[in-house]
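*Asks:* after the sequence you'll find the predicted model.
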Amino acid sequence: MNIRPHLYVYVSVIALLLFICANPLYAITISSSPVRPTVNQPVTLTITSTYTATPSCDILVDFGDDSGQVSAGTCFVTPCVQVLTHTYTVPGQYTIIAGENANFCRVSPGGPNPATLQINVQAVCAPMSITTSSPLPPGSAGQPYTAQINISGGYPPVSLFQISGDLPPGLSMNTSGRISGTPLSGGTFSFTIMAEDACPNGKQSAQRTFSLYIDQAVTMGVTVLPSSFTIGRGAPTTKSITFTISSSSLGNVELTSSIGLFMAGENVVGEIHSPLNISITNGSGRITESIYIPIAVIKRTENLGVAKIAYQRIFSGQSLSATARSNITITTDAGAEFRISSTRLFFENNRPEITISSNQPLPELYAEIRHTGTGLLKGYWEVDGKIFSNVFKHIPNVDRTIITSPSMPSFPTFDPGTHVVRFIITSPRENIDFPKVIYFVKPVAHTKRLPIKLVLPQDNSSLKFTSGEFKWEETNAIKSTTYLIEFRNMIKEKAIFSAYTTKKSYRVSDDLLEKYFKPNQNYLWSVIGFDSDDEIHGVSNPFKFFFMPRNSK
């Protein structure tokens with residue numbers, strides 16, 4: 001037996017063991033606690049390094065989560081044990097690297113250098129559930145609807161899906177659990193929704209079945225009275241219109257219309273900026289509006305070549321809407337509805353005031369009635385606030401009617417002082433002012449009238465043919481309480497318009513301008529003042545003014 005080969009092996013092993021004892025292993029090792037940490041849980045890292053000689057070596061550590069390198073400290077002994085703590089905020093697989101800082105290491109540790117450690121950070125996935133209860137809030141067909149399915153717990157992102165049943169037609173749900181849309185039909189609907197999260201440790205899911213009731217569509221209807229009427233082209237008109245709105249819902253609804261529109265086809269020819277609010281209770285609501293149709297609206301309509309207007313209002317609220325229209329036909333004054341547009345009172349001197357002596361017969365007094373259509377007029381003469389004589393008169397198809405004061409009995413003139421006469425129309429009823437005239441019964445002697453000074457416009461002024469203000473003043477210690485402003489045509493020497501006011505000014509509106517005045521003509525204006533007893537207190541001299549042609553600068 002040849003023992004040489006076996007002896008060689010034994011000698012080699014003994015030599016290797018003697019070498020290891022004389023030259024111990026040196027290296028870097030990394031350990032973690034816990035071995036499988038979770039997100040936001042502190043991780044303790046132990047770095048152990050050994051050296052061949054007394055070291056002076058700085059150890060750098062990279063946690064593998066882009067937080068950057070940190071120094072574990074400098075080793076001065078071997079073996080060197082260093083402990084660090086780190087917290088991971090995102091789950092995943094991380095590689096921890098520990099190695100010498102070559103710039104600050106006199107004796108390097110043995111390999112591996114650097115050393116690595118794989119660590120798996122687990123996510124914290126809270127238990128997940130759907131917290132929204134069933135049934136969902138009810139809705140109505142034809143009305144926008146929204147609802148939110150909420151969850152608790154889980155690991156984001158969490159997605160929600162409909163896995164069975166049917167949502168109401170017109171509704172859909174996104175992955176965030178928001179149900180939205182406009183239901184197309186009513187009924188009770190049942191469906192199941194599942195929520196699924198993205199937990200890295202394994203997806204979690206939860207599900208719940210919901211019911212949703214959708215009421216049938218709410219319908220609304222609107223009735224307008226009158227649905228149509230006629231007006232004359234020669235005068236402004238005031239008309240009462242009643243809107244009645246019905247709803248299939250028995251709940252309370254508040255509807256608002258911010259503006260009324262006069263429509264000639266698709267063109268807006270006028271507006272009424274007066275909001276209306278109507279309350280729908282137990283399925284019905286009603287409101288009445290008095291509309292004023294000025295001459296300007298009629299002219300704009302005729303300039304478009306049409307003779308029909310629609311007065312329109314849109315009532316809306318709580319996602320409901322109803323459009324109301326009343327159709328208006330413009331016709332000749334004779335063919336229009338019997339309406340009173342204005343009245344004017346004057347004596348035979350064509351003025352609204354006159355002075356007579358005691359017991360002298362009062363001159364005839366006239367009521368000029370401007371109107372459209374034909375019909376029976378009812379009214380009465382009033383003297384000093386008391387009914388003096390009733391009037392019943394059929395008005396023919398003309399634009400103006402003159403009614404004369406009664407001759408028997410005649411107006412009283414035995415009582416000195418100021419007396420006020422009005423002609424009151426009771427049918428047809430109109431929202432207009434009824435003017436008054438004054439006759440002054442003078443005793444043997446009467447008080448001297450004080451002067452009133454006209455201020456604007458100045459005498460012989462040229463004015464643009466547009467609305468404007470007339471002003472005057474009194475320099476006397478005792479002022480008038482009421483004023484009568486009168487306008488006269490210079491050519492015909494005839495009063496064309498007068499009005500009472502308590503102010504020291506009067507504005508001629510566009511409607512009055514178009515009705516009583518013409519451009520390129522001369523006029524006179526004057527003012528009479530009355531005291532608190534309606535006696536004439538002051539009188540002005542007349543001033544002349546000229547209305548320039550239209551569009552003059």
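*Replies:* Received, thanks.

*Asks:* so where's the stretch 251-400 of the chain shaky on pLDDT?
*Replies:* Applying pLDDT under 70 to the stretch 251-400 of the chain flags the ranges 251, 333-334, 359.

*Asks:* longest strand in the chain, please.
*Replies:* Criterion DSSP state E: the longest strand present in the chain is strand 92-105.

*Asks:* mean confidence for it?
*Replies:* For strand 92-105, the mean pLDDT works out to 89.

*Asks:* packing partners of that strand?
*Replies:* strand 28-33, strand 42-49, strand 57-62, strand 69-75, strand 115-121 (3 or more CB pairs under 8 Å, 6 or more residues apart in numbering; DSSP states H and E). C-beta here means a position set from N, CA and C on the backbone, and glycine is covered the same way.

*Asks:* among those strands, which comes closest to Thr95?
*Replies:* Thr95 lies closest, by CB to CB, to one member of these: strand 115-121, at 5.6 Å.

*Asks:* did I read that right, Glu302 in a strand?
*Replies:* No: assigned with DSSP: H, G, I helix; E, B strand; the rest coil, Glu302 falls outside any strand and is helix.

*Asks:* which residues does it contact?
*Replies:* Arg233, Ile330 (CB atoms under 8 Å, 6 or more residues apart in numbering).

*Asks:* what about it, distance to Ala296?
*Replies:* Remark: distance between Glu302 and Ala296 (CB to CB, to the nearest Å) = 11 Å.

*Asks:* returning to what we had before: name the residues of the longest strand of the chain that come out as buried.
*Replies:* Tyr94, Ile96, Ile97, Ala98, Gly99, Glu100, Cys105 (16 or more other CB atoms under 10 Å).

*Asks:* before we move on, what about stretch 394-412?
*Replies:* Quick answer for stretch 394-412 (16+ other CB under 10 Å): Ile395, Asp399, Thr401, Ile403, Ser405, Phe411.

*Asks:* closest to Ser248 among those?
*Replies:* Nearest to Ser248 among these, with distances taken as CB to CB, is Ile395, at 46.6 Å.

*Asks:* for that closest one, give the beta-bridge partners.
*Replies:* Here Ile395 sits in beta bridges with Gly375, going by DSSP bridges.

*Asks:* ok, it - contacts?
*Replies:* Phe338, Ile369, His371, Thr374, Gly375, Leu376, Leu377, Thr401.

*Asks:* so where do the strands sit in the stretch 201-350 of the chain?
*Replies:* Along the stretch 201-350 of the chain, counting by DSSP state E, counting those that start in this stretch, strands occupy 205-215, 220-225, 228-232, 237-247, 253-257, 260-264, 267-272, 276-280, 284-293, 308-317, 320-331, 339-347.

*Asks:* check the offset of the fifth one from the chain's centre.
*Replies:* The reference is to strand 253-257. Centre-to-centre, strand 253-257 and its host chain are 13 Å apart (CA atoms, centre = their mean, to the nearest Å).

*Asks:* count the residues that sit near the residue lying closest to Ser279 once chain neighbours are set aside.
*Replies:* Ranked by CB to CB, 6 or more residues apart in numbering and with sequence neighbours excluded, the top spatial neighbour of Ser279 is Gly285, at 5.3 Å. Residues near Gly285, counting by other CB atoms under 10 Å, number 20.

*Asks:* Gly285 touches Asn277, doesn't it?
*Replies:* No: assessed by CB atoms under 8 Å, Gly285 is found out of contact with Asn277, at 9.7 Å.

*Asks:* shared neighbours of the two, anything?
*Replies:* Joint contacts of Gly285 and Asn277 (CB under 8 Å, 6+ apart) are Leu255.

*Asks:* on that earlier part again, tell me the most buried of the helices and strands packed on strand 92-105?
*Replies:* Mean neighbour count (mean count of other CB atoms under 10 Å) peaks for strand 57-62 among those, with a mean of 20.

*Asks:* before we move on, back to that, farthest pair in the buried residues of stretch 394-412?
*Replies:* It's Asp399 and Phe411 that sit farthest apart of these, by CB to CB, at 28.1 Å.

*Asks:* what helix or strand is Pro112 on?
*Replies:* Assessed by DSSP states H and E, Pro112 sits outside every helix and strand.

*Asks:* which ones are touching it?
*Replies:* Ala27, Ile28.

*Asks:* mind exporting the C-alpha coordinates of the host helix or strand of Leu84 to PDB?
*Replies:* In this structure, Leu84 sits in strand 80-87 according to DSSP H and E. Taking Å, rounded to 0.1, in the frame of the first residue of the first chain, the C-alpha atoms of strand 80-87 are listed here in PDB:
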ATOM      1  CA  CYS A  80     -16.300  47.200  14.500                       C
ATOM      2  CA  VAL A  81     -20.100  47.100  15.200                       C
ATOM      3  CA  GLN A  82     -22.200  50.100  14.100                       C
ATOM      4  CA  VAL A  83     -26.000  50.400  14.500                       C
ATOM      5  CA  LEU A  84     -28.300  52.600  12.500                       C
ATOM      6  CA  THR A  85     -32.100  53.100  12.300                       C
ATOM      7  CA  HIS A  86     -34.100  53.800   9.100                       C
ATOM      8  CA  THR A  87     -37.800  54.000   8.200                       C
END
